[in-house]
Every structure is written in C-alpha cells, then in structure tokens.
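Student: The following comprises the amino acid sequence and a computationally predicted model.
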Amino acid sequence: MSPTESKEQPRQPSKQLLDAIANLRKFDEDFYLNLTEEQQQIEYDKEDKIYGLGKKEGLPYEYIQDLLDIHHMVEIACQDCKQKQVSIRLQCNEPEDGVKEIMHEIPLCSECKEKRDHDEWKEENERLRNKETKNPIIGYCDKIRNEIPEADLTWQQYQERDAAMKEAVGLVSRKISDALDNQPEDPERVYKRTGKYPDGSKNKTQWLKHLKNMRRLEKQQKLEAKTDVALRSKTPIRILENTIMEIGCRCQVEDMRQGVFCDTCRLLVHVHKYMLDLFKEAAKTRR
Ligand SMILES: [Zn+2]
Ligand SMILES: [Zn+2]
C-alpha cells in the first residue's frame with residue numbers, strides 16, 4: 001500500500017545462499033539408507049540455515065522450498081518418440097518409504113509436447129463445435145457480440161491467448177504470495193527506523209489522520225462493491241434465470257417417456273423457440 005514498499009524488487013539469491021544449497025546432500029538412490037541419524041540431522045540443520053538465509057535476503061519461503069525440493073535434474077528419453085533425451089526436474093526431498101522421487105511433468109521433447117498440445121487443441125475445438133451444433137444460440141451470440149468463436153481461433157491465436165492467460169494467472173498468484181511474504185511492518189517501527197510513518201507523515205497526528213481517511217475510503221469502497229453486486233443481480237439475464245427457476249417443473253418421468261410434459265413446460269417450449277428465433281434474426285443482421 002505505501003510507496004516505501006516497492007513490490008517489483010528483483011530478487012536474486014546471493015552466492016552464499018546458492019553455495020549453501022550446492023553444499024547440501026546430493027541425491028542418490030541409497031541416500032537415506034546410507035546416512036546415520038546424526039548425519040541426516042546435519043543435513044536438516046543445513047536446510048534450516050538455508051531458510052534462515054533466504055528470509056534474511058527477503059526471498060519468499062516458497063521460492064527457497066522450490067530451490068531445495070526440485071534440484072535434481074535427470075536426462076530421460078522422451079515418452080512419446082522414445083528418441084530425444086529430455087532433462088527433467090525430479091522432486092527428491094524427504095521421501096517416504098518407497099517414494100524417492102516424484103516426477104511433476106511428463107518427460108516430453110519440445111516437438112512431442114507441441115504435438116500433444118496441438119492434438120488437445122483439436123479435440124477441444126471438436127468439443128466446442130459439437131456444443132454449438134446442439135445449442136445454436138452460442139453461434140448466434142458470437143455474431144451478435146461480434147466475437148470470434150473460440151473454435152475458429154487459429155492454432156497461433158489460441159497459443160497467444162493461452163500464454164496471456166497463464167501470464168495473468170501467474171501475476172495474481174505472485175501478488176498474493178508477495179502480500180503474504182511482505183506483511184506490513186509495524187508503523188511505529190517504520191517511524192523509528194526512517195523518521196517517517198509508512199505514508200510519509202512526519203508526525204503521529206498526521207499519521208492518525210491518514211489512517212482515518214483510509215478507513216473512510218475503505219468503508220466507501222465496500223459500500224460501492226455492495227451496490228455493484230446488487231446492480232449485477234438486476235441484469236436481464238439474471239432476471240430471466242431467476243424467473244425460470246421460480247416457475248419450477250412438474251414433469252413426471254413416466255409421462256415424459258410418452259412425450260408429455262407438465263403444463264408450464266409446454267409453454268416454455270414456445271418460449272425457448274421464440275428466444276432462439278429472436279437471436280437467430282439478430283445474428284443475421286450482424287456481419
Ligand atoms: Zn519426443
Ligand atoms: Zn416440466
């Protein structure tokens with residue numbers, strides 16, 4: 001929140017920390033069988049020290065965990081073509097009995113990986129096309145909204161969108177872990193250290209005034225959010241949804257087997273047809 005805490009600081013582990021990790025046990029098949037309990041304890045102590053160092057350097061706990069857990073690289077033949085060698089990371093920390101290493105990703109060379117992704121994309125497109133055939137309103141809505149149907153995206157467009165989506169998700173999760181790692185420092189301690197409160201105020205009266213303003217702002221934002229939610233519940237699509245839910249249905253399966261529906265459902269058949277026709281007409285006038 002305060003400008004003094006820059007969130008975009010590049011974090012790099014120091015050489016000291018990387019050396020400490022390199023100095024840690026090297027994984028091999030019989031590692032745990034070959035070490036005495038005391039020797040194992042020494043390794044655990046080394047790990048604790050690494051976490052301590054990481055904390056001092058302002059590195060997130062999960063980051064250190066990653067460095068420690070997944071630092072065993074192996075060369076393995078690609079699962080699909082069985083030809084190319086792929087280097088893959090194995091997790092090899094504190095295994096349980098019989099579980100020594102965990103493979104988190106399928107060993108695939110870049111060509112085979114792309115081929116798999118491409119096949120998956122084709123399958124997904126097939127599924128989307130079938131969905132549209134069953135429910136043509138999806139296609140009408142794409143036209144009305146002037147959007148490219150998802151199934152019509154080219155492989156490249158699809159990849160670009162996928163990458164953008166992954167990036168956005170990564171950004172959010174990084175923001176959350178950053179917020180967890182950087183709990184705000186006690187304002188009095190900030191004042192003692194820098195002569196200023198976190199918002200830049202030079203005295204307590206100013207700082208308290210700032211807090212009061214922040215609280216007022218927060219209250220206002222909460223109120224606005226509440227109004228937004230209330231407004232959203234009044235969109236025509238929500239009203240239609242709620243209306244239909246409240247109609248309910250008295251259809252009986254034994255009647256349905258003879259093609260007979262309840263009185264309200266018989267009316268809804270017309271509503272559905274009317275809606276489809278309406279959307280179809282609207283779609284025709286676009287593009
Ligand atoms: Zn391959
Ligand atoms: Zn019914």
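Tutor: Sure, I can see it. Numbering: from 1, shown residues only. Ligands and ions are numbered 1, 2, ... in the order given.
Student: contacting residues around Q16?
Tutor: For Q16, the contacting residues are L53, by C-beta atoms under 8 Å, 6 or more residues apart in numbering. Where C-beta positions appear, they are placed from N, C-alpha and C, glycine not excepted.
Student: Quick check: the gap between it and ligand 1.
Tutor: Per C-beta to the ion, to the nearest Å, Q16 is found 39 Å from ligand 1.
Student: Quick check on that residue: phi, psi?
Tutor: phi -60, psi -40 (degrees, to the nearest 10).
Student: I76 in helix, strand or coil?
Tutor: What DSSP: H, G, I helix; E, B strand; the rest coil gives for I76 is strand.
Student: Then R89?
Tutor: strand.
Student: Give the burial count for it, as a bare number.
Tutor: For R89, the neighbour count with other C-beta atoms under 10 Å is 17.
Student: Against L68, how distant is it?
Tutor: 12 Å (C-beta to C-beta, to the nearest Å).
Student: Return the per-residue confidence for Y197.
Tutor: According to the prediction, Y197 has pLDDT 90.
Student: Quickly note the distance from it to A179.
Tutor: Distance of Y197 to A179, computed by C-beta to C-beta: 20 Å.
Student: Same check on L267?
Tutor: Using C-beta to C-beta, L267 is found at 52 Å from A179.
Student: on that earlier part again, looking at Y197 and A179, which one has more neighbours?
Tutor: Y197 (21 against 12).
Student: Check whether the more buried one sits in a helix, strand or coil.
Tutor: coil.
Student: tell me which parts of this protein are close to ligand 2?
Tutor: For the chain, the residues found near ligand 2 under the criterion C-beta under 5 Å from the ion are C249, C251, C262, C265.
Student: Check the secondary structure at the second one for me.
Tutor: For C251, the secondary-structure state derived from three-state DSSP is coil.
Student: now it, nearest residue through space, not along the chain?
Tutor: C262 (4.6 Å; C-beta to C-beta, 6 or more residues apart in numbering).
Student: Find me the pLDDT at that neighbour, would you?
Tutor: 97.
Student: Pretty sure it sits against C249.
Tutor: Yes. Using C-beta atoms under 8 Å, C262 makes contact with C249 at a distance of 5.9 Å.
Student: Nothing else from me, thank you.
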